[in-house]
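Novice: Output the structure for:
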Amino acid sequence: MALTNTPIDRLIAALLGETVASGADRVVVGSEPSAVEQGVVYYGVRWWEGEQMRHRLLLDYPVMGQVTRRILLLAGLDPWHVRSSQHGTMQAMGRWSVEVSGERGDRHATLRPLETTKVDDRDWLEQARTAASAVVPDMPSHESQADNVRDLERAALESPVVRLVNLILINGWRQRARDIELQRHPDRLTVELVFEDGTRRQEMTPPLGLWSDIRRRLLVMSGVPPWVREPDRGYFMLRLGKGLEPGFVLDLLADGPDARIRLRILTPDPTMEDTAAVEPATDLCAASLLADVLAHPRDDA
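Specialist: Model prediction:
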């Protein structure tokens with residue numbers, strides 16, 4: 001499988017070009033988050049020579065996810081079913097060994113040149129940044145064109161599940177929670193807020209029958225395939241307008257009868273002006289949304 005002229009392949013070509021031009025013996029794509037700025041998670045691409053890291057490039061989570069999946073495809077590996085370390089060979093600007101470590105959501109790929117083509121002395125890092133800026137996220141944005149929460153809810157009027165998920169996310173952000181945890185129990189669902197001091201507060205107990213719809217909506221928003229049944233991770237931003245864009249990292253911690261989803265809120269605590277700009281969600285609003293969902297359980301499909 002050869003590289004094409006798509007932005008993601010141009011980005012990969014630039015990463016390989018930088019490896020050859022800099023004389024690094026390997027490039028590591030992915031791995032742990034390297035920085036969080038204004039609610040965006042950035043992952044590092046690192047170039048190494050022996051035990052010393054020479055330099056790095058930061059890419060945001062959605063772009064990094066596409067890069068990693070594309071490398072796996074180029075190496076003949078399955079991008080959705082990597083559980084542990086696997087090896088492959090990639091033919092692109094020469095021949096490269098690819099070693100994939102970690103599980104989906106936290107995995108990384110180490111590329112080592114086996115046979116390389118000659119590259120020119122262009123600024124490969126700048127070319128990588130340009131290509132990354134042209135990559136279209138492969139995950140749905142969360143009503144990214146809405147100017148504020150009221151517009152967001154109007155845009156989703158036909159979808160009670162979307163409105164319910166919006167309510168859960170906005171409530172957690174407004175109340176300055178660290179995490180939002182959703183858990184399936186034998187007879188009910190629970191939505192809890194977890195704060196920095198470790199205290200927990202139960203927000204609501206939606207009917208058990210809503211779990212599949214809520215789970216599917218959150219996974220799709222996070223770029224995680226809805227059919228996944230093992231621990232996974234995704235990321236999305238909630239665009240509220242007026243510069244308010246809280247970021248969320250979704251962790252699918254368990255599935256099945258005791259399924260649990262954790263949403264880590266990355267954005268710094270909102271100010272009084274921020275929360276004033278977002279319409280508060282009341283218990284009456286929550287009850288109304290739940291009633292809509294029960295009456296139209298498949299309207300979000």
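
Novice: mind checking how far stretch 127-137 is from the chain centre?
Specialist: Chain-centre distance of stretch 127-137: 17 Å, with CA atoms, centre = their mean, to the nearest Å.

Novice: Would you mind listing the outside residues contacting it?
Specialist: Stretch 127-137 has contacts (CB atoms under 8 Å, 6 or more residues apart in numbering) with 7-8, 10-11, 13-15, 17-18, 45, 57, 59, 62-63, 66, 223. For every residue, glycine as well, the C-beta is placed using N, CA and C.

Novice: ok, Glu203 - contacts?
Specialist: Residues counted as contacts of Glu203 (CB under 8 Å, 6+ apart) are 168, 171-172, 191-193.

Novice: sorry, back to before: looking at the contacts of stretch 127-137, which is nearest Gln91?
Specialist: Closest approach to Gln91 among the contacts of stretch 127-137 (CB to CB): Ala13, at 12.5 Å.

Novice: Can you tell me how far the spatially most central residue of the chain is from Glu181?
Specialist: Central residue of the chain (CA atoms, centre = their mean): Tyr235, 2.1 Å from the mean position. To Glu181, Tyr235 is 17 Å away according to CB to CB, to the nearest Å.

Novice: Equivalent analysis for Asp121, please.
Specialist: 51 Å.

Novice: ok, Leu77 touching Ser85?
Specialist: No - between Leu77 and Ser85 there is no contact under CB atoms under 8 Å: 11.1 Å.

Novice: Who has more neighbours out of those two?
Specialist: Leu77 (18 against 11; other CB atoms under 10 Å).

Novice: list the contacts for that one?
Specialist: Taking CB under 8 Å, 6+ apart as the contact definition, Leu77 lies against 86, 88, 98, 100.

Novice: got it, and Arg56?
Specialist: Contacts here follow CB under 8 Å, 6+ apart; on that basis Arg56 touches 34, 44-47.

Novice: Same question for Leu263.
Specialist: Listed by CB under 8 Å, 6+ apart, the contact set of Leu263 reads 169, 172, 179-182, 218, 248-251.

Novice: Quick check: which helices or strands does the strand or helix carrying Val161 pack against?
Specialist: Taking DSSP states H and E as the criterion, Val161 maps to helix 160-174. With contacts defined as 3 or more CB pairs under 8 Å, 6 or more residues apart in numbering; DSSP states H and E, helix 160-174 has these neighbours: helix 149-155, strand 179-184, strand 189-194, strand 200-204, helix 211-221, strand 260-265, helix 283-295.
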